[in-house]
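Novice: give me coordinates for this.
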Amino acid sequence: MAKINLHQGFDELAFLELFCEEPKDSQPSDGYWCYEVTDSLGVTLKFGMNIIQQSVQIELKIADTTVGIMCFELVNFIEINDYINGKLEFLVAPKNEEFKTLVQVELRPRIKVNCSTLSLCPMAA
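Specialist: Reported below is the predicted structural model:
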């Protein structure tokens, strides 16, 4: 398990171990790395991150057709929970702290992406 602080730079070795391959695209001077993996069902996940902008972009494709794109900003940490199954998660936390979005990604054996947003403030009656 590793908690990667995007403020402190990019941990290339940790992401190489997680994705089991080199980045598909990278522009280190711009703080950008993008990985692409395909599972046995033909689902492809592109996972891009920019450590300068503290953003993550996820694209899901089936048979070269994009079926979903998700973009997240204000990502401070990416937590790798399981290198063997390729599990990672991160929180998107706006400065007002009223809402937090949890994004969970699993690469193996099948690609899965779960997102949930929760309010941290009690509802006014």
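Novice: what about the helices in the protein?
Specialist: Along the chain, counting by DSSP state H, helices occupy 12-19.
Novice: low pLDDT regions in it?
Specialist: Filtered on pLDDT under 70, the chain yields the residue ranges 120-125.
Novice: all strands for it, in order.
Specialist: 2-5, 25-27, 32-38, 43-50, 55-62, 65-72, 77-82, 87-92, 99-106, 112-119 (DSSP state E).
Novice: contact partners for residue 17?
Specialist: residue 83 (C-beta atoms under 8 Å, 6 or more residues apart in numbering). Every residue, glycine included, has its C-beta placed from N, CA and C.
Novice: ditto for the one 4 residues further on
Specialist: If you count contacts by C-beta under 8 Å, 6+ apart, residue 21 has them with 35, 37.
Novice: quick one: buried residues of stretch 10-21?
Specialist: For stretch 10-21, a neighbour-count test (16 or more other C-beta atoms under 10 Å) marks 10-11, 14-15, 18-19 as buried.
Novice: in a markdown table: those residues, plus distance to residue 2.
Specialist: Below are these laid out as a markdown table (distance: C-beta to C-beta, whole Å):
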| residue | distance to residue 2 |
| --- | --- |
| 10 | 13 |
| 11 | 7 |
| 14 | 5 |
| 15 | 10 |
| 18 | 9 |
| 19 | 13 |
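Novice: out of those, flag the one nearest to residue 116.
Specialist: Nearest to residue 116 among the buried residues of stretch 10-21 is residue 18, at 21.6 Å by C-beta to C-beta.
Novice: return the residues in contact with the closest residue to residue 85 other than its chain neighbours.
Specialist: The shortest distance from residue 85 to any non-neighbouring residue, by C-beta to C-beta, 6 or more residues apart in numbering, is to residue 108 (5.0 Å). Contact analysis of residue 108 by C-beta under 8 Å, 6+ apart lists 39, 84-86.
Novice: now do residue 9
Specialist: Per C-beta under 8 Å, 6+ apart, neighbours of residue 9: residue 51.
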